[in-house]
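K.L.:
Next come a sequence and a model predicted from it.
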Amino acid sequence: MAGFDKVVGSYEEAMAGLEDGMTIIAGGFGLCGIPENLIAEIKRKGTRDLTIVSNNCGVDGFGLGVLLEDKQVKKMISSYVGENAMFEQQLLNGELEVELTPQGTLAEKMRAGGAGIPAFYTATGVGTPVGDGKEVREFNGREYLLEESIVGDFAIVKGWKADRYGNVMYRHTAQNFNPLAATAGKITVVEVEELVEVGELEPTQIHTPGIYVNRLIVGTFEKRIEKRTITES
Amino acid sequence: MTLSREQMAMRVARELQDGFYVNLGIGIPTLVANYVPEGMEVMLQSENGLLGMGRFPTEAELDADMINAGKQTVTAIPGASIFNSADSFAMIRGGHVDLTVLGAFEVDVHGNIASWMIPGKLVKGMGGAMDLVAGADNIIVTMTHASKHGESKLLSECSLPLTGKGCIKKVLTDLAWLEIEDGAFHLKERAPGVSVEEIIEKTAGKLIVPEEVPEMTF
């Protein structure tokens, strides 16, 4: 690796340094825009006691769901989970802890974490179980909760196109949490479908500037569809 | 007769205005998109990061990278925009969405809503619902008026853990259109053939009934 070149040669190298007990922030919404090969590498590596920050936890046998198979996950911080039987079972057995977080608060926790802001106030969750034990402060006659931001030891991100400098573009709604996760990792690893020449991406169209990216790898993706809904033509 | 799901969607659609940005929840709210009045433009916001959601794709258009907040494959209309989740919730929390329609288990006279958690049952999460109710000024809740066993879901105090506090002003049930103000439900319209007495009987929270309660027409 030289200069701003972020490309690594293997998935093993991409996830090097991941240790038991670490926190990983993952991009993706449902199965859309998930870093499927980086997740597979974490499974291969067998790292345990992980805290994973991700909107969802995949399904049985795909996405983050595969990390449940060998009980690698200690805690999920998510807005919506339980589309998978294994998740439900481990939760009921007490083998897995879940911190349910409103989706907008989760996104803002990542954004703030990446932006060096330790906490922020939001009206979301006031008077609900989410507010239990959290500071409430009034601004302009309305109550807000103090929510702390999140920084991950690793962030794992799925992009569409990138150049060697780690400038990344996302495709359609596969963007979702990915650019936020990308800012909030101490080590941010991005996998993309296509590597293009430096200078080929229009600077104004780059979603994630390379400064946030530590490691970049090109992969092939299954892109499984969770709910296939069709208009009969 | 109680309103059908389609009639509920039709009634909600009458609240749409030209140029509205609208977020529709899962279930009956989703059906509202089928009843946008002719000649009116509304743009649907999907909280996974899409403003200008279109119909489901054809086989040829199917794309794993184009989904809505319900994780269904969708298309984008001309003029749509796509953005990240923090921007999506900036729109929602910042009050930029003109109308939000979502379902609920219970609402009460204080405008509280419970829609995500039944203690003792497996909780899957609130998704974006808490942000939606906290951020929107104009929310319509669609729900059944009472449970299958006849127990009211329009209460003095919600019994289930809340999704949001003091944020609901308009409720459409299968029996009636109601508005919440000054610690009471105000009966505004009734479903065709549903008596005011039945609505009174099935509303546990304080209910204000005017002399004339117009019947909805479809």
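P.N.:
Arrived safely.
K.L.:
Strands of the chain, residue ranges please.
P.N.:
All of this is about chain A. Shown for chain A, the strands assigned by DSSP state E span residues A:23-26, A:50-53, A:73-78, A:97-100, A:119-122, A:136-139, A:142-148, A:152-158, A:161-163, A:168-169, A:185-192, A:194-196, A:215-218.
K.L.:
other chain: chain B
P.N.:
B:20-24, B:42-46, B:50-53, B:76-82, B:99-103, B:106-108, B:113-114, B:139-143, B:154-155, B:170-173, B:176-181, B:184-190, B:207-208.
K.L.:
how many neighbours does residue B:49 have?
P.N.:
Neighbours of residue B:49 under the rule other C-beta atoms under 10 Å in any protein chain shown: 31. Placement of C-beta: from N, CA and C, glycine included.
K.L.:
Just the terminal-to-terminal distance for stretch A:187-204.
P.N.:
Start-to-end span of stretch A:187-204 (C-alpha to C-alpha, to the nearest Å) is 25 Å.
K.L.:
coming back round to it: would a markdown table of the strands of chain B with mean neighbour count be doable?
P.N.:
Output for the strands of chain B, formatted as a markdown table (neighbours: other C-beta atoms under 10 Å in any protein chain shown):
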| stretch | mean neighbour count |
| --- | --- |
| strand B:20-24 | 22 |
| strand B:42-46 | 21 |
| strand B:50-53 | 23 |
| strand B:76-82 | 14 |
| strand B:99-103 | 24 |
| strand B:106-108 | 25 |
| strand B:113-114 | 26 |
| strand B:139-143 | 24 |
| strand B:154-155 | 24 |
| strand B:170-173 | 24 |
| strand B:176-181 | 21 |
| strand B:184-190 | 19 |
| strand B:207-208 | 16 |
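K.L.:
for chain B, which spans come out with low pLDDT?
P.N.:
Across chain B, not a single residue meets the criterion (pLDDT under 70).
K.L.:
same question, chain A
P.N.:
The model of chain A has pLDDT under 70 over residues A:1, A:233.
K.L.:
what about 90?
P.N.:
Applying pLDDT under 90 to chain A flags residues A:1-2, A:82-85, A:88-89, A:91-93, A:232-233.
K.L.:
where do the helices sit along it?
P.N.:
In chain A, the segments counted as helices under DSSP state H are A:11-14, A:36-45, A:66-69, A:85-92, A:103-114, A:178-183.
K.L.:
how distant is the third one from the center of its chain?
P.N.:
Right, helix A:66-69. 16 Å (C-alpha atoms, centre = their mean, to the nearest Å).
K.L.:
and what of stretch B:61-78?
P.N.:
21 Å.
K.L.:
my read: residue B:85 touches residue B:50, true?
P.N.:
No - counting by C-beta atoms under 8 Å, residue B:85 sits too far from residue B:50 to count as a contact (10.9 Å).
K.L.:
Excluding chain neighbours, what is closest to residue 27?
P.N.:
With no chain named, the answer covers chain A. Nearest residue to residue A:27 in three dimensions, chain neighbours excluded: residue A:178, at 3.3 Å (C-beta to C-beta, 6 or more residues apart in numbering or on different chains).
K.L.:
wrong one, I was asking about chain B
P.N.:
Leaving aside its sequence neighbours, residue B:27 sits nearest to residue B:103 (C-beta to C-beta, 6+ apart; 5.1 Å).
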